[in-house]
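*Asks:* pasting the sequence and the predicted model now:
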Amino acid sequence: MNFSQRDFRDALGLFPTGVAVVTATSPHGYELGITVNSFVSVSLDPPLVSFNIGRSLKCFDELMGCKSFAIHILRHDQTGVSLGFGRPNDEKWREIEWKVGVTGSPIFLPHLAVFECERYADCEAGDHVIIVSRVVHFEVNVEDSALIFYRGAYHRVGEILHNKRKAEAGECSYRTGAG
Ligand SMILES: Cc1cc2nc3c(=O)[nH]c(=O)nc-3n(C[C@H](O)[C@H](O)[C@H](O)COP(=O)(O)O)c2cc1C
């Protein structure tokens, strides 16, 4: 390996992601929550999504014991929520109002979307475990815009450069660059 972990992290940070908070009820009955930017859509049929959990998390063993999760996609104005759930912190839930969702995981508002899932498969992946989950219920609030994580900083969604659906419907005023 001819690169440092710092350089590797910086290179990975060139890929912009959304920001999500994964919540669950621990096998011991209390609320768990971590910020992740490793949320990925995996399959439409069956409806699968995934996220990665670090082995160094304090709540790693508890999360590995959970059978269901709720994945909240954050809005652009929720950097505080991302920071609150994004580091070791005994008071993650102190200012969060939540209710129990359909799979038993804590659900909080607001969010851009929440996917309620049941655990489907795990994949060992170095210092992380990839958790694949099957979506059984979701809710969306599409009038809001997403929080973006890019190069270690938070952003909001910017200018639309091309919209495939609108282009196909002849509603685009901008050109595709094809000539
Ligand atoms: C923007 C952002 C993205 C993160 N993505 C992940 C992730 O995908 N997987 C992960 O295990 N931790 C991720 N973290 C770190 C965890 O959220 C953090 O280590 C965790 O909340 C600490 O929980 P603990 O108190 O149980 O150790 C991320 C943090 C931030 C701020």
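*Replies:* Good, I have the coordinates.

*Asks:* what is the neighbour count of whichever residue of the chain sits closest to the ligand?
*Replies:* Residue nearest to the ligand within the chain: G86 (2.8 Å; Cβ to the nearest ligand atom). No exception for glycine: its C-beta is placed from N, CA and C like everyone else's. Applying other Cβ atoms under 10 Å, we find 18 residues neighbouring G86.

*Asks:* am I right that it is in contact with T35?
*Replies:* Yes - here G86 lies in contact with T35, judged by Cβ atoms under 8 Å, at a distance of 3.6 Å.

*Asks:* how about the residues of this structure that lie near the ligand?
*Replies:* 19, 34-38, 52-54, 57-59, 82, 85-88, 149 (Cβ under 6 Å from any ligand atom).

*Asks:* helices - which of these land there?
*Replies:* Among those, the members falling in helices (DSSP state H) are S82.

*Asks:* put the buried members of the residues of the chain next to the ligand into a ChimeraX selection.
*Replies:* Listed next is the ChimeraX selection for buried residues among those, using 16 or more other Cβ atoms under 10 Å:
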select :19,34,35,36,37,52,53,59,82,85,86,149
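
*Asks:* what sits against the most centrally placed residue in the chain?
*Replies:* Against the mean C-alpha coordinate of the chain, by Cα atoms, centre = their mean, the closest residue is A20 at 2.7 Å. Shown in contact with A20 (Cβ atoms under 8 Å, 6 or more residues apart in numbering): T35, V36, N37, F39, F51, I71, H72, I73, L74.

*Asks:* distance to V135 and pLDDT for those residues - can I get that in TSV?
*Replies:* As requested, the contacts of A20 are exported to TSV (distance: Cβ to Cβ, whole Å; pLDDT from 0 to 100):
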residue	distance to V135	pLDDT
T35	20	98
V36	16	98
N37	19	98
F39	12	98
F51	12	98
I71	9	98
H72	13	98
I73	12	98
L74	18	98
